[in-house]
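>>> Prediction below, plus the sequence it came from.
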Amino acid sequence: MIKRSNFRHLLPALRFTAAAIVLITAHRLFSEPRPVPVEPDSESNAVALNLPHYEVVGGAYLIGQVQLNQPAPVGGAKVKVSSNTKLVKVSPLTPSSLLIPAGSTTVSFKLITSPVEEKTQAILSVTYGSATGSVKLTLDPNGVASITAVPATLQWGGTASVEVRLKDNAPQDVPYYKNMAPTGAPAMYEPEVQKGGAKVVLKSSNPAISVPASVNVSPGDISAKFTATASQPSSCSAGPASPATATITATWEQPQSSPLKVGDNSNNESRYTSKTIRIDPKTIIGVSHDAHALVLDGSDKCVQSLTAGSVMLIRNLGVLQVKKTMKTPEKQLAVAVSDAGLTDFINEGTFQVFSQTLGPASQPSGPWTKGLIPEELQSGSDIWKYKVSGTSSSYSFTAFKQNGGLSASVTANGQAKGGYNFLAVIHGGKLQQATYKVPTDGTLNVNWIVQTTASGQGIGESRLRLPPLYSGLVNSADGIPLLFEIDANLIFKPGFGEKAAAQGSFKITYSGEGGFDGSQPLNEGMDAKAEISNTTSSALAPHGVVAAINAPKFELSLSTISFLWALQNRLPSALNAKGANLADSMESKLGVYVKGDLAPPAGDDLFKTRHSAWVMWASSVAYAGAGSLAMLPCQQYYQFFKASAGVDNDFLGSPDIATPGDNGVEIVNKQKTTVMPAIKGCEP
């Protein structure tokens, strides 16, 4: 039997210091638990904290326990659990303080964590009397794991269903009790709910593909879907909208990005290229005098869509390439332009122009002649004077020149069957075939006269580039006008060593059709025959004359020049002085129009034509006379006939084939010599 006095000796041994043990049960899947030692207060190692999980995803909630190493005394054991960060809230399970009932060793509580953008460490502390303990809890970021669109490539005007998937489930709604009492006052708990879910912020890098501002992942879910929408292609675009890519960025805690494509045109068969913009002719306010700057109505939505590299398709007027744009002080749009090649605006299909009956067309006049290729080579007073006229089937010209004591004139008239057939086949924006063929049946009659007042007199510049003998506008099936012209060029070289006069004539008959197909000549019975008339000459000594006529030359062109012709004949109101002055004033500011287009042809390029396909006969008759003092009054006529065809590759655009190029391909080349009188002594 224990005596009362002995029982008193046992009381100190029964006294204890409670230890707190925190037992936390996670309601989600976390990393595997690992033992973490309790960090006891230095005064007593009877306080311990143990967690089954020490690393969780931010946003999770946990149920924990405070555990004493001995039962709580009478009146219970009041413990306190706290966190060093607002990212982890501590809440009792009931609206009261954490009190371990007498005789019990545990009390449960709730930890509510918040989402984090980066790995974050929280310290949880438990206090009972003077005993404390702490443990570290690591919060991991959740964030967006992937973005998946179906379909992966949109069409313009279409939509895609896009799924945003998180790395882990979104936080759940978590009810808890919040202490509403002021600091130092007795605790007063009210029920609260920490809202779960994830608001994922969305952004598209390309305004052509729109996404909502955000999408919500419901509490406890791991993914959500939203709709991405590609804008409708502009009604101004003649072709398909260009393929585009947008980077879709989804951000919640940590961002994730993924590309989304729109307008995959790998199998596109659109006729026009994506850079081709339809422009209403009515938007033209002014045209510069060289036709390389336009001022357009800036309020028009299609005009507003023009940028450098665009191609303007102006129905019934032409096609122009945009080099640069600039707003005028009146908020109009000034545009620097140049010639456009076929593949600049044709993406797929054929571009064909058949022979048509053409009426007369008036040439741009006044200051707008600056936009035409200069008609002659200027060289001081050494200038040819000329007069030309013609229709689609007949033509004539007279050229006269006086250089010091030498005067010369050449008169010619001809008949031409006329016509043309041009075909271009384009696939994927590349030229696959180019064919141009013209019937050349017709005649050319040439009369020349030359007179000198003394010996040693020359003609100076013997070449003359004549203006077109005939010009007419012809529409393609696309409503794009091309300029069909019959041209002539002249080389006239008299050689007299004395005062004399002479005159002569010849007639050439042409037949057959010819042209080119790719780089190969086309010859369907082409031939040339000359009838030479006797030359009358007063020269006593040997003398000679070379008369070379590049005629007829049949050209089909698409350029700023054909655009000017179309304006003159189809929209003359656009060629107004006020608008032209405005366009001229903007041209220097634009500063990028192609000056090479306006350079006067000279040297070896004098007879070359810009941005055109052509077929041409070149005939030369070289007369050599013995003079009246010779024993035999012999006259020799050396005749050269050459037919050729060519094309400016800039007119075609991007050819994937060989072409004749500017220098052309030879179709016919023949020579003949005629002597008068036809006697043995006069033969060369």
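Thanks, I have the structure now. Numbers count the residues shown, from 1 in each chain.
>>> So N413 is in contact with S396, correct?
Yes: counting by CB atoms under 8 Å, N413 does reach S396; the two are 3.9 Å apart. C-beta: built from backbone N, CA, C; applies to glycine.
>>> in stretch 555-575, what's buried?
By neighbour count with 16 or more other CB atoms under 10 Å, stretch 555-575 contains the buried residues 555-569, 571, 574-575.
>>> Low-confidence stretches in the stretch 301-450 of the chain?
Residues of the stretch 301-450 of the chain meeting the criterion pLDDT under 70: 359-360, 370-371, 373-382.
>>> the helices in the stretch 501-650 of the chain, which residues?
With DSSP state H, counting those that start in this stretch, the ranges of helices along the stretch 501-650 of the chain come out as 560-570, 577-590, 649-652.
>>> Adding distance to K195 and mean pLDDT as columns, could you present those helices in a markdown table?
Output for the helices of the stretch 501-650 of the chain, formatted as a markdown table (distance: least, CB to CB, whole Å; pLDDT from 0 to 100):
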| stretch | distance to K195 | mean pLDDT |
| --- | --- | --- |
| helix 560-570 | 66 | 92 |
| helix 577-590 | 58 | 87 |
| helix 649-652 | 66 | 91 |
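>>> if I've got this straight, G133 is in a strand?
Yes: judged by DSSP: H, G, I helix; E, B strand; the rest coil, G133 forms part of a strand.
>>> what's the distance between it and V66?
10 Å (CB to CB, to the nearest Å).
>>> Next: K437.
Counting by CB to CB - K437 and V66 are separated by 101 Å.
>>> So between the two, which is more surrounded?
Counted by other CB atoms under 10 Å, K437 and V66 do not tie: V66 has more neighbours, with 27 against 22.
>>> In this structure the more buried one contacts L98, no?
Yes: between V66 and L98 there is a contact at 6.3 Å, judged by CB under 8 Å.
>>> Report the set of residues contacting both of those two.
V79, V81, V107, F109 (CB atoms under 8 Å, 6 or more residues apart in numbering).
>>> quick one: which of those has the most company?
V107 (26 neighbours).
>>> and that one, what helix or strand is that in?
Assigned by DSSP states H and E, V107 belongs to strand 106-113.
>>> residues making contact with the helix or strand just after that strand?
Beyond strand 106-113 in the direction of the C-terminus, DSSP H and E gives the next helix or strand as strand 120-128. Around strand 120-128, the neighbours that count as contacts under CB under 8 Å, 6+ apart are 18-20, 22, 47, 49, 51, 58, 66, 68, 77-85, 87-88, 90, 111, 113, 132-139.
>>> Buried ones from those, can you make that a ChimeraX selection?
Those of the contacts of strand 120-128 that count as buried under 16+ other CB under 10 Å are selected in ChimeraX with:
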select :18,19,20,22,47,49,51,58,66,68,77,79,81,83,85,87,88,90,111,113,132,133,134,135,137,139
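>>> Now, the contacts of strand 120-128 that are in strands?
Filtering these for membership in strands, criterion DSSP state E, returns 66, 77-78, 80-83, 88, 90, 111, 113, 132-139.
>>> Over to the residue nearest to L342 when sequence neighbours are not counted: give its phi and psi.
Spatial nearest neighbour of L342, excluding adjacent residues (CB to CB, 6 or more residues apart in numbering): G653 at 4.7 Å. With angles defined as degrees, to the nearest 10, G653 sits at phi 110, psi -110.
>>> pretty sure G653 is in contact with D339, am I right?
No: applying CB under 8 Å, one finds G653 not in contact with D339, separated by 10.2 Å.
>>> Neighbour count: these two, which is higher?
For G653 versus D339, the count of surrounding residues by other CB under 10 Å is larger for D339: 24 against 19.
>>> Beta-bridge partners for the more buried one, please?
On the basis of DSSP bridges, D339 is bridged to L320.
>>> How is this structure partitioned into domains?
The record, using automatic domain parsing to delimit domains, assigns the chain the ranges 17-140, 144-176+185-262, 366-373+384-558+600-682.
>>> Dump those to a markdown table, plus distance to V322.
Compiled in a markdown table, these are given as follows (distance: least, CB to CB, whole Å):
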| stretch | distance to V322 |
| --- | --- |
| domain 17-140 | 47 |
| domain 144-176+185-262 | 13 |
| domain 366-373+384-558+600-682 | 15 |
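>>> Comparing those by mean pLDDT, which bottoms out?
When those are ranked by mean pLDDT, domain 17-140 comes last with a mean of 76.
>>> from the middle of its chain, how far away would it be?
Counting by CA atoms, centre = their mean, to the nearest Å, domain 17-140 is centred 64 Å from the centre of its parent chain.
>>> So for P212, what's the nearest residue that isn't a sequence neighbour?
P212 sits nearest to F226 (CB to CB, 6+ apart), 5.4 Å away.
>>> should've said F422
By the measure of CB to CB, 6+ apart, the closest residue to F422 outside its immediate chain neighbours is V353, 4.5 Å from it.
>>> Report the spatially nearest residue to T105, omitting neighbours in sequence.
Residue nearest to T105 in three dimensions, not counting chain neighbours: L68, with 4.6 Å by CB to CB, 6+ apart.
>>> wait, doesn't that neighbour sit right on K78?
No: L68 lies out of contact with K78 (CB under 8 Å); the separation is 11.4 Å.
>>> Check the contact lists of these two and give me the overlap.
Taking CB under 8 Å, 6+ apart as the criterion, L68 and K78 both touch I100, Y128.
>>> Can you tell me the number of residues neighbouring V353?
22.
>>> Apologies, that question was intended for M188.
Taking other CB under 10 Å as the neighbour definition, M188 ends up with a count of 12.
>>> How about P367?
Count around P367 with other CB under 10 Å applied: 15.
>>> go on, K385?
12.
>>> Would you quantify the distance from it to W448?
15 Å.
>>> Ok, P186 next?
126 Å.
>>> between those two, who's got more neighbours?
W448 (22 against 8).
>>> any residues touching the helix or strand harbouring the more buried one, and which ones?
Using DSSP H and E, W448 sits in strand 442-452. Outside strand 442-452, the residues that touch it by CB under 8 Å, 6+ apart are 405-417, 492, 494, 496, 498-510, 545, 547, 549, 551-552, 617, 619, 621.
>>> partner residues bridging the residue nearest to P212?
Beta-bridge pairing for F226 (DSSP bridges): V162.
>>> Quick check: A645 touching A434?
No: counting by CB under 8 Å, A645 sits too far from A434 to count as a contact (10.9 Å).
>>> which neighbours do those two share?
By CB under 8 Å, 6+ apart, A645 and A434 have these common neighbours: F516, A613.
>>> what's next to stretch 151-166, contact-wise?
In contact with stretch 151-166 (CB under 8 Å, 6+ apart) are residues 142-150, 198, 200, 202, 209, 211, 215, 217, 222-233, 240-241, 248, 250, 252, 260-264.
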